[in-house]
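Enquirer: Structure, please.
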Amino acid sequence: MACDAATVTRLDSEGNIAPVSESDLVEAGKRIAGDVEIAEQALIGEEDAHYYRQGERFVLPVYRVVLRDDESTRYYVDPHSGALLQRAEWWKTAGS
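Expert: The predicted structure is shown next:
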């Protein structure tokens, strides 16, 4: 990975920009979930109730992983770099 103040770029072993594949995103979802079952994972092209523009670092489309846990924890991954952008739990946003 190469980083500057605003971006993260995924590199291959030779230092070239390496795109993130669909299978990379599925595997990232599995690593994020650990032992918790995944309820849903997909590329989304618009904001949802938990992921919306609130600062400079906002990416669409975004890869969303929703866990089947008590909080319906959601993770949002940049599909271009593979970087974790946000974690959201239902109880933290239910009253907003």
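Enquirer: Show me which helix runs longest in this protein.
Expert: Criterion DSSP state H: the longest helix present in the chain is helix 22-33.
Enquirer: Mind listing what's buried along that helix?
Expert: Within helix 22-33, the residues that count as buried by 16 or more other Cβ atoms under 10 Å are 24-25, 28-29, 32-33. Yep, even glycine has a C-beta here, placed from its N, CA and C like the rest.
Enquirer: Same question for stretch 81-90.
Expert: 81-83, 85-86, 88.
Enquirer: Just the closest of the residues you listed to residue 48, please.
Expert: For the buried residues of stretch 81-90, the closest approach to residue 48 (Cβ to Cβ) belongs to residue 88, at 9.1 Å.
Enquirer: Was I right to think that closest one contacts residue 52?
Expert: No. Between residue 88 and residue 52 there is no contact under Cβ atoms under 8 Å: 10.2 Å.
Enquirer: if we can go back for a sec, just give me the closest of the buried residues of helix 22-33 to residue 74.
Expert: Nearest to residue 74 among these, counting by Cβ to Cβ, is residue 32 at 10.1 Å.
Enquirer: Measure how far the longest helix of the chain is from the centre of its chain, please.
Expert: 9 Å (Cα atoms, centre = their mean, to the nearest Å).
Enquirer: So which elements touch it?
Expert: For helix 22-33, the packing partners by 3 or more Cβ pairs under 8 Å, 6 or more residues apart in numbering; DSSP states H and E come out as strand 38-44, strand 62-67, strand 74-77.
Enquirer: Report pLDDT for the residue nearest the centre of the chain.
Expert: The centre of the chain sits closest to residue 77, judged by Cα atoms, centre = their mean, with a distance of 1.5 Å. On pLDDT, residue 77 comes in at 93.
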